[in-house]
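Q: need a 3D model of the sequence below.
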Amino acid sequence: MRTGEPLPAVGDVLASLATGMWHWDTATGLVSVDAEAARLLGLPAEEATLREAEVRARLHPVDWNEITGVVQLAVAEGTLAEVRIRVMDERNRIIRVVRSRSKPTFDARKKAYKLIGTLQEVAEPTPGSPAGRRAVTGDWRRSREAFLLDAGRALAEARSTAEVLRVAAGLSMPGFSPDGLAVFGIQGDRLTIIGHHGQRPGDEGPFVHMALETDYPAAEVVRTGRAVYLSSPGQYKSRYPLTWPLAERFHRHSWAFLPLTVAGRTMGAWMAAFTYPVAFTPDERSVLTTVARMLAQALSRAGTAETERELSEGLQRAMMPTVGPEVPGMDVAARYVPTGGGLQVGGDWYDMIPLPGATSRSRTSSGPGRFALVMGDVQGHDVRAAGLMGQLRIALRAYASEGHRPDAVLSRASRFLHGVLAAGADGEDGEDGEDADEVADLRFATCLYAEVDPRTGVLEVARAGHPDPVIRMADGTVLRRPTAGGLPLGIDPDSDYPTTRFTLEPGETMMICTDGLIETGGHDLDTGWQRIRTVLERHGGDAEELADALVRAVHGPSSHHTTGPLADRREDDIAVLLLSRRRDGRAVRPRLRHTLMTVAQAEPERVSVARRQLRELLHDWPSEEHVDSAVLLLSETLANVLLHTDVDALVLAEVSGERGERRLRVEVTDTGDDLPHKRRPGELASSGRGLVLIELLADAWGVVPRGRGKSIWFELYEASVAR
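A: Here you go, the predicted structure:
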């Protein structure tokens, strides 16, 4: 080039030096490359603007992860970010190593980085050489810090010993990653192998149960608490001639044995082995020592967690019965899933109690094989809740075995739990009665007790603050079965628990559960019920398969896999119990669904329960207006009984027929003597329009005398929607 001629373009100069240019904006996620940079990345040699994901797919994942740490450090120190990156092809093979130098800047408002830099191909260093021991991506210090941060985070998140070992095996140390490792533990006066990687199964045989006095590096580390570094086979052979033949067959060239120390106690040793010579410089020893400390902490935490989990699961298994024996004509399935946090033991329980034969006039149904199903939940999730659960379960079994009715069983159980809580409070605050009462009020238990006659399918249910049972009918329709109830156990020793009696028809399934099945995952009672209802309606398997499906539906993937209302799926215990009555050999499903309930004069709020039951019975009715009409007519017939008589009302609603031609029939029966009749209410009248509405909206209706009392009935036809 002669003096006075213009300088060539920068791009031309860089291209002549086989150097490419690139620009990366993390705010937009776009990377611009010139032709040479595109070629170095294994792409067509032409200028392009690429998505971040396209560039990432061409780079080694380990190098990509370390780029972030290098860039952050460069911004903090105001220096260049220099990294070595392995470029991969479509088959994940390394095609070249490139060096990138860039000047990153950080936009605090956008919280994004901008980088402008160059790419240049370099020769990959030989492992173990001085160049090879330099950072593969960035200088040594930056890569080391990024690696230790990633390693610490990964080991801290490991929840079991096996997971800790998998993380340790996957660690890629900057510049000198081992290709084999082993973790040794201590059992008495001998070494044990907790786990190993990079060797074949069975290779650990000679090292299992090795005496601590053996002339072996790991044994010496455990005895002295000091690390052993062996840079060459010759060094190993000269220091440990007796055990060298054991190590020689693995064909390694360097070894590091480091103590695993927690709270000043050496709990084992970690071996990192290399297939190439490693000098173990001070920086390299510092990295290995730090990793050993983190590994020891992670193994200690995992071991403690596994011990606690095994203890709590064993305790829970001992306290939680198995359902059985087999019940003629019925299937019973149960599941219990403890919460994921803390001790895996809590206050939820279920039980199946064989009952004595009917020997007293207190029984309305008799015969062998009767049993009781119990579902309960002691408030709290700790050892005390589990202890109270065990005591309460034993008490309930005792009262049931004495032959008491369901209401009496719960009344006695409530009095028993109140006494236990009061005694505990007296023990904690013996001098201050007011404080003792406050402590006693901190605990209570919800419970549902159902006595079952498998011969007739009759159930007598008493409930103490527990969710109502759910019935899945033979055609798949799912209804919550309203049952009378009282206060949770332990609050009032004199509380009453009324009994509700109904029949489980052939082909029907009853589900009782704790609130963990409904509310787990951030749901409330309404949204949680809809989720459970969907599973019950769509599942066609037996009781065991249905129980598994219910648990999977609410206990699915953990929170970091999902977003939205299912923020955390393991915040409460889950217990579920299913009782199915077999179809007695009938191959087809009956075309009838029904519900039956009483609305008492003293409980007018049950009118809303009856309306909800009717809506659920008509959940697949094609016309929402038709459903609204049915609910309105039900309200009017119930109001006629509650306003114009002083007796209770019995509601029977049935849906029969094939889809498209189904018929809804609702009967409201009472024991009053006065028959309803149509009136002509004035404009300002507050009543008198019920029968007028029934005549306008119903496809058919009538009033039937019942000897003592009467029934008002109306019918709606699905086919009339299309007319």
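Q: elements contacting the strand ranked longest in the chain?
A: In the chain, assigned by DSSP state E, the strand with the most residues is strand 94-107. Judged by 3 or more C-beta pairs under 8 Å, 6 or more residues apart in numbering; DSSP states H and E, strand 94-107 is in contact with helix 61-77, strand 81-88, strand 112-122. The C-beta positions use only the backbone N, C-alpha and C, and glycine is treated the same way.
Q: helices of the stretch 201-350 of the chain, start to end?
A: 217-224, 233-239, 244-248, 282-319 (DSSP state H, counting those that start in this stretch).
Q: okay, and the helix or strand of the protein with the least pLDDT?
A: Ranked by mean pLDDT, DSSP states H and E, the helix or strand of the chain with the weakest confidence is helix 433-440, at a mean of 46.
Q: which of the helices of the stretch 201-350 of the chain is buried the deepest?
A: With neighbours defined by mean count of other C-beta atoms under 10 Å, none of the helices of the stretch 201-350 of the chain is more surrounded on average than helix 217-224, at a mean of 20.
Q: who touches Thr49 in this structure?
A: The neighbourhood of Thr49, defined by C-beta atoms under 8 Å, 6 or more residues apart in numbering, consists of Leu30, Val31, Ser32, Val33.
Q: with neighbour count, pLDDT and distance to Lys710 as extra columns, can I get these in CSV?
A: Rendered in CSV, the data for those read as follows (neighbours: other C-beta atoms under 10 Å; pLDDT from 0 to 100; distance: C-beta to C-beta, whole Å):
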residue, neighbour count, pLDDT, distance to Lys710
Leu30, 15, 92, 79
Val31, 22, 91, 82
Ser32, 15, 92, 85
Val33, 23, 90, 87
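Q: restricted to strands, list these.
A: Leu30, Val31, Ser32, Val33.
Q: let me know the helix or strand that the nearest residue to Met271 once chain neighbours are set aside is in.
A: Nearest residue to Met271, sequence neighbours excluded (C-beta to C-beta, 6 or more residues apart in numbering): Ala182, at 4.5 Å. Using DSSP states H and E, Ala182 falls within strand 180-187.
Q: quick one, phi psi at Pro604?
A: Torsion angles at Pro604 (phi, psi; degrees, to the nearest 10) stand at phi -60, psi -20.
Q: any idea how many residues pack against it?
A: 13 (other C-beta atoms under 10 Å).
Q: the closest residue in space to it that isn't next to it in sequence and Gly672: what is the separation?
A: Distances taken as C-beta to C-beta, 6+ apart place Leu642 nearest to Pro604, at 6.0 Å, with adjacent residues excluded. Between Leu642 and Gly672 the distance is 11 Å, computed by C-beta to C-beta, to the nearest Å.
Q: same check on Leu181?
A: For Leu181, the distance to Gly672 - C-beta to C-beta - is 85 Å.
Q: residues contacting the closest residue to Arg581 other than its chain neighbours?
A: Excluding the flanking residues, the one nearest Arg581 by C-beta to C-beta, 6+ apart is Leu504, at 4.8 Å. The contact partners of Leu504, by C-beta under 8 Å, 6+ apart, come to Val452, Gly457, Val458, Leu459, Ile471, Met510, Leu579, Arg581.
Q: in the sheet, who's paired with the fourth one?
A: In other words, Leu459. Val452, Phe502 (DSSP bridges).
Q: make 567 the starting number, not 1.
A: Okay, using 567 as the starting number, the last item reads as Leu1025.
Q: what sits against it?
A: Ala1016, Glu1017, Val1018, Asp1019, Arg1067, Phe1068, Thr1069, Leu1070, Met1076.
Q: what lines up beside the helix or strand harbouring the last one in the sheet?
A: For Met1076, the enclosing helix or strand under DSSP H and E is strand 1075-1079. The strands that strand 1075-1079 pairs with in its sheet are strand 1036-1038 (antiparallel), strand 1140-1147 (antiparallel) (by DSSP bridges).
Q: average pLDDT across it?
A: What strand 1075-1079 shows for mean pLDDT is 93.
Q: next helix or strand past that strand?
A: helix 1081-1085.
Q: what does that following helix contact?
A: Applying C-beta under 8 Å, 6+ apart, the set of residues contacting helix 1081-1085 is 903, 905, 914, 943, 1012, 1033, 1091, 1094-1095, 1098, 1116-1117, 1120, 1138-1142.
Q: is Ser668 in a bridge, and if so with what?
A: With DSSP bridges as the rule, Ser668 is bridged to Ala647, Gly683.
Q: hang on, isn't it packed against Ile682?
A: Yes. Using C-beta atoms under 8 Å, Ser668 is in contact with Ile682, at 6.2 Å.
Q: these two: who's more crowded?
A: Shown here are Ser668 and Ile682; by other C-beta under 10 Å, Ser668 has more neighbours (23 against 14).
Q: how near is that one to Val599?
A: 13 Å.
Q: how many neighbours does the nearest residue to Pro1033 once chain neighbours are set aside have?
A: What sits nearest to Pro1033 in space, not counting adjacent residues and going by C-beta to C-beta, 6+ apart, is Asp1081, at 6.1 Å. Residues lying near Asp1081 (other C-beta under 10 Å) number 18.
Q: go on, Arg1225?
A: The burial count for Arg1225: 10, using other C-beta under 10 Å.
Q: can you list the weak-confidence ranges in the stretch 1117-1266 of the chain?
A: 1122-1138, 1150-1157, 1241-1256 (pLDDT under 70).
Q: and the strands in it?
A: Assigned by DSSP state E, counting those that start in this stretch, the strands in the stretch 1117-1266 of the chain fall at 1140-1147, 1158-1165, 1215-1222, 1229-1236, 1266-1271.
Q: any idea how far Thr873 is from Leu1116?
A: In this view, Thr873 and Leu1116 are 30 Å apart by C-beta to C-beta.
Q: ok, Thr1075 next?
A: Taking C-beta to C-beta, one finds Thr1075 at 11 Å from Leu1116.
Q: please apply the same query to Val828.
A: 41 Å.
Q: repeat for Ala868
A: Distance, Ala868 to Leu1116, using C-beta to C-beta: 31 Å.
Q: ok, now Glu1071?
A: In terms of C-beta to C-beta, Glu1071 sits 21 Å off from Leu1116.
Q: same deal with Thr1022?
A: Using C-beta to C-beta, we find Thr1022 at a distance of 27 Å from Leu1116.
Q: which one of those two is surrounded by more residues?
A: When Thr1022 and Leu1116 are compared for neighbours, Leu1116 comes out ahead with 23 against 14, by other C-beta under 10 Å.
Q: which residues do Thr1075 and Leu1116 both contact?
A: By C-beta under 8 Å, 6+ apart, the residues touching both Thr1075 and Leu1116 are Leu1102.
Q: buried residues in stretch 812-830, which are they?
A: 812-813, 818-828 (16 or more other C-beta atoms under 10 Å).
Q: which of the residues you listed sit farthest apart?
A: His819 and Val828 (30.6 Å; C-beta to C-beta).
Q: if I read this right, Leu1045 contacts Leu1184, doesn't it?
A: No. Between Leu1045 and Leu1184 there is no contact under C-beta under 8 Å: 10.8 Å.
Q: could you measure from the closest residue in space to Arg789 that isn't next to it in sequence over to Arg831?
A: Among residues not flanking Arg789 along the chain, Leu778 sits closest, at 6.0 Å (C-beta to C-beta, 6+ apart). Distance of Leu778 to Arg831, given as C-beta to C-beta: 15 Å.
Q: quick one: which of these two has more around it?
A: Taking other C-beta under 10 Å, Leu778 and Arg831 do not tie; Leu778 has more neighbours (15 against 12).
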